[in-house]
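Trainee: The following block contains a protein sequence and its predicted model.
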Amino acid sequence: MGSAVANLLVNSLSDVTSISSSYSGQLRCSSVHSPSGSALETDAPTDNQGKGERFSPTDLIATALNTCVLTIMGIVAERHNWDLKGCAARVEKVMTSEAPRKIALLDVWIELPPHIDSKERKILKKAAENCPVKLSLDGAVPMSFHWS
């Protein structure tokens, strides 16, 4: 990306977060989240020449989707003083079997407490479906909601 384009994008964005990554060898990378100093490592998955000892980069996309959905619903719940403790999400990531290798499907299962009424459910579902990660992904991301 040219510096003029980068400057234009930076100047038009209100919130920029820097994450630095480096290749450690043997298909492993290390990354640091600049604002917090948190670090993580990734590995290539076993089905793509890796050791699979860490989250893969595409696992992080699936994880980002799950945690974004839960976080956005949590923000809405806190705003309304609703208790979402115990709410959980699971994502099943399916990769393409032919080239180019990419995520074919992220199927999200969200389990919510049974005490949430139908009006609250509708609001939480809309919030989840509009999480920034889901909106950033190209293609279908089906979500199913379950009240235990």
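Mentor: Perfect, thanks for sending it.

Trainee: give me phi/psi at Val108?
Mentor: For Val108, the backbone dihedrals (degrees, to the nearest 10) come out as phi -100, psi 130.

Trainee: List the contacts of it.
Mentor: When the contact criterion is C-beta atoms under 8 Å, 6 or more residues apart in numbering, the partners of Val108 are Leu65, Asn66, Val69, Ala89, Arg90, Val91, Val141, Pro142, Met143, Ser144. From N, CA and C alone the C-beta is placed, and that goes for glycine too.

Trainee: Now with 7 Å, please.
Mentor: The neighbourhood of Val108, defined by C-beta atoms under 7 Å, 6 or more residues apart in numbering, consists of Leu65, Asn66, Val69, Ala89, Val91, Val141, Pro142, Met143.

Trainee: Can you tell me which of these lies closest to Arg121?
Mentor: Minimum separation from Arg121 among the contacts of Val108 (C-beta to C-beta) is found for Met143, which lies at 12.6 Å.

Trainee: Trp82 belongs to a helix?
Mentor: No - using DSSP: H, G, I helix; E, B strand; the rest coil, the assignment for Trp82 is coil, not a helix.

Trainee: Contacts only, for it.
Mentor: For Trp82, the contact set (C-beta under 7 Å, 6+ apart) comprises Ile116, Glu120.

Trainee: The nearest residue to Thr46 once chain neighbours are set aside: neighbour count?
Mentor: Counting by C-beta to C-beta, 6 or more residues apart in numbering, the nearest residue to Thr46 once its immediate chain neighbours are dropped is Gly52, at 3.9 Å. Residues near Gly52, counting by other C-beta atoms under 10 Å, number 14.

Trainee: So Gly52: helix, strand or coil?
Mentor: Applying three-state DSSP to Gly52 yields a three-state assignment of coil.

Trainee: quick one, what contacts it?
Mentor: In this structure, Gly52 makes contact with Asp43, Pro45, Thr46, judged by C-beta under 7 Å, 6+ apart.

Trainee: these two touch, right, the second one and Ser56?
Mentor: The reference is to Pro45. Yes - contact status for Pro45 versus Ser56: in contact at 4.5 Å, counting by C-beta atoms under 7 Å.

Trainee: Quick check: which element contains the closest residue to His146 other than its chain neighbours?
Mentor: Ranked by C-beta to C-beta, 6+ apart and with sequence neighbours excluded, the top spatial neighbour of His146 is Glu111, at 4.9 Å. For Glu111, the element it lies in under DSSP states H and E is strand 103-112.

Trainee: Since that was my last question, I'll sign off now.
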